[in-house]
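Colleague: The following block contains a protein sequence and its predicted model.
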Amino acid sequence: MEFIEFLDRTEVEIIKIIKIAGYRTAENTKLCLLSENYVGFLDKRRKEIIICTSNVKKREGYTLLRRNNKDSHIRTALHIKKALRHEAVHVAQECNNGNLLKIDRKLSMNKSKINALNGSIRISGDEEKERQAYILEDKPRLVKNELIKYCL
């Protein structure tokens, strides 16, 4: 899977925990064709995190010709890592019997994510779970700890 080349150690550890919890990862499935705006999904029924690498690369202007463009690579990697962490939060929520995680109430979502939040709510229908995933997607160690706490 191509998206793995964009990950840091913490995200690789997150994938290992997800696998132990009975989930797998996939890339560029038919769900990604719903819109170029979508970068990740959790298919609960199939217990599968889907990363839409092609959509992220298009959004960030990453192509083979521009592969050595450091800025484009950094943005693409950041977007893929956030997508993986976001979906991993949903896995942790599933491991918690479908409930919200017990996180510090002082944590808040960056206001720049409002449009993305609204798009996610249209798909999942659960504003609070999506809000929690957007809050935590910027905190890789916290996502990892939540997965350990609820899934292992």
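Modeller: Right, received. Where do you want to start?
Colleague: Not counting residues beside it along the chain, what's closest to Val39?
Modeller: Ala83 (4.3 Å; Cβ to Cβ, 6 or more residues apart in numbering). Just so you know, the C-beta spots here come from the backbone N, C-alpha and C atoms, and that holds for glycine as well.
Colleague: Give me the phi and psi for the one you found.
Modeller: phi -60, psi -50 (degrees, to the nearest 10).
Colleague: Verify the contact between it and Thr53 for me.
Modeller: No - the pair Ala83 / Thr53 is not scored as a contact, 9.0 Å apart, by Cβ atoms under 8 Å.
Colleague: How many residues are close by the residue nearest to Val39?
Modeller: Residues near Ala83, counting by other Cβ atoms under 10 Å, number 24.
Colleague: And the one 10 residues further on, by the same measure?
Modeller: Here the count is done by other Cβ under 10 Å, and Gln93 has 22 residues near it.
Colleague: show me what contacts it?
Modeller: Contact analysis of Gln93 by Cβ atoms under 8 Å, 6 or more residues apart in numbering lists 99-101, 129, 132-133, 150.
Colleague: Just the buried ones from these?
Modeller: For the contacts of Gln93, a neighbour count by 16 or more other Cβ atoms under 10 Å gives the buried set as 101, 129, 132-133, 150.
Colleague: got the buried residues for stretch 54-61?
Modeller: 54-57, 60.
Colleague: What of stretch 84-100?
Modeller: For stretch 84-100, by 16+ other Cβ under 10 Å, it's 84-95.
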